[in-house]
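Colleague: model this:
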Amino acid sequence: MNNIKILVVEDDIEINRLVSEQLSREGYTTVSVFNGADALLKLSTASYQMVILDIMMPKVDGYEVLQQIRMSGNTPVLILSAKCLETDKIIGLGLGADDYMTKPFGMGELTARVKAQLRRYLKFSTESDTTHLIKHLNIEMNTNTFEVKIGNGLISLTAKEFQILKLFMLNPKKVFTKSQLFKSIWGEDYLNDDNTVMVHIRRLREKIEADPSNPKYIQTVWGIGYKLVEE
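Modeller: Predicted coordinates:
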């Protein structure tokens, strides 16, 4: 794990230290910053396999940092915030976060969530060249470069959006329930977490559909879930 670098962005010095020390004990290389401006500087000068991100920070808040990350790639982002309302989680996930934990939190759960995100990210990053191109209708997905094209246009997706679209494209005739999507993409039990799935589907539609309110790629099967329209 020595080549896995995690950026810890947290303005509370003690929480930053505890998180960094915990992840270091797990074998990860951690880099700590205490505000959003320094986080953006670090991200512009080095690559990271994951970002632990607080929201309420001086200079530049976590939402702005997250948006900047999503403009340039699909690095997994786990939000770690005292903002615990459902609307806060919806905003964070909607902007492209892969996971959201509220303070106070347990180090064991944090470690487990970090490992789960990295496991899926690294799996998608190291797939064989023989299966790296997936095509459906006029959508073309490259699983090596994480590029998605609609016709000739390049679409920027988050890691979770990419995984959801890939799941649909590999199973173009299958109807997925919210529970199946959550289990497949997040690797956890569903626990009636409708918002997480719905927010990611909405954001994915906004990026790939000409008219998200009348989608021609990802269709809603009322009372069941979602499916990719057949060719």
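Colleague: quick one, what contacts the spatially most central residue of the chain?
Modeller: The centroid of the chain falls nearest to Asp98 when counting by Cα atoms, centre = their mean (3.0 Å). For Asp98, the contacting residues are 76-78, 117, 158-160, by Cβ atoms under 8 Å, 6 or more residues apart in numbering. C-beta here means a position set from N, CA and C on the backbone, and glycine is covered the same way.
Colleague: okay, those residues in a markdown table with pLDDT, neighbour count and distance to Ile13 next?
Modeller: What follows is those, written out as a markdown table (pLDDT from 0 to 100; neighbours: other Cβ atoms under 10 Å; distance: Cβ to Cβ, whole Å):
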| residue | pLDDT | neighbour count | distance to Ile13 |
| --- | --- | --- | --- |
| Pro76 | 92 | 25 | 24 |
| Val77 | 95 | 28 | 21 |
| Leu78 | 96 | 20 | 19 |
| Gln117 | 90 | 22 | 24 |
| Thr158 | 88 | 26 | 29 |
| Ala159 | 85 | 23 | 29 |
| Lys160 | 88 | 25 | 30 |
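Colleague: now, which of the residues you listed sits nearest Phe146?
Modeller: Among the contacts of Asp98, Ala159 lies closest to Phe146 (Cβ to Cβ), at 8.1 Å.
Colleague: How much space separates the closest one from Ile139?
Modeller: The gap separating Ala159 from Ile139 is 18 Å, by Cβ to Cβ, to the nearest Å.
Colleague: Pairing partners for the closest residue in space to Pro172 that isn't next to it in sequence in the sheet, please.
Modeller: Leaving aside its chain neighbours, Pro172 sits nearest to Leu228 (4.9 Å; criterion: Cβ to Cβ, 6 or more residues apart in numbering). With DSSP bridges as the criterion, Leu228 is bridged to Ile218.
Colleague: How much space separates the nearest residue to Ile6 once chain neighbours are set aside from Lys173?
Modeller: In space, and not counting its chain neighbours, Ile6 is closest to Met50: 4.7 Å by Cβ to Cβ, 6+ apart. Using Cβ to Cβ, Met50 is found at 34 Å from Lys173.
Colleague: The two: who's more crowded?
Modeller: Met50 (22 against 8; other Cβ atoms under 10 Å).
Colleague: what residues are up against that one?
Modeller: Per Cβ under 8 Å, 6+ apart, neighbours of Met50: 4, 6-7, 75-78, 114, 117-118, 121.
Colleague: okay, the residue nearest to the centre of the chain: pLDDT?
Modeller: Confidence at Asp98, expressed as pLDDT, is 91.
Colleague: Return the lowest-mean-pLDDT helix or strand in the chain as CSV; C-alpha atoms alone will do.
Modeller: Every helix and strand in the chain was compared by mean pLDDT, DSSP states H and E; the lowest is helix 178-186, with a mean of 85. Output in CSV follows, covering the C-alpha atoms of helix 178-186 (Å, rounded to 0.1, in the frame of the first residue of the first chain):
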residue,chain,number,x,y,z
LYS,A,178,-32.3,0.6,-5.9
SER,A,179,-31.2,-2.1,-3.5
GLN,A,180,-29.2,-3.9,-6.2
LEU,A,181,-27.6,-0.7,-7.4
PHE,A,182,-26.6,0.2,-3.9
LYS,A,183,-25.2,-3.2,-3.1
SER,A,184,-23.3,-3.4,-6.5
ILE,A,185,-21.8,0.1,-6.4
TRP,A,186,-21.3,0.8,-2.7
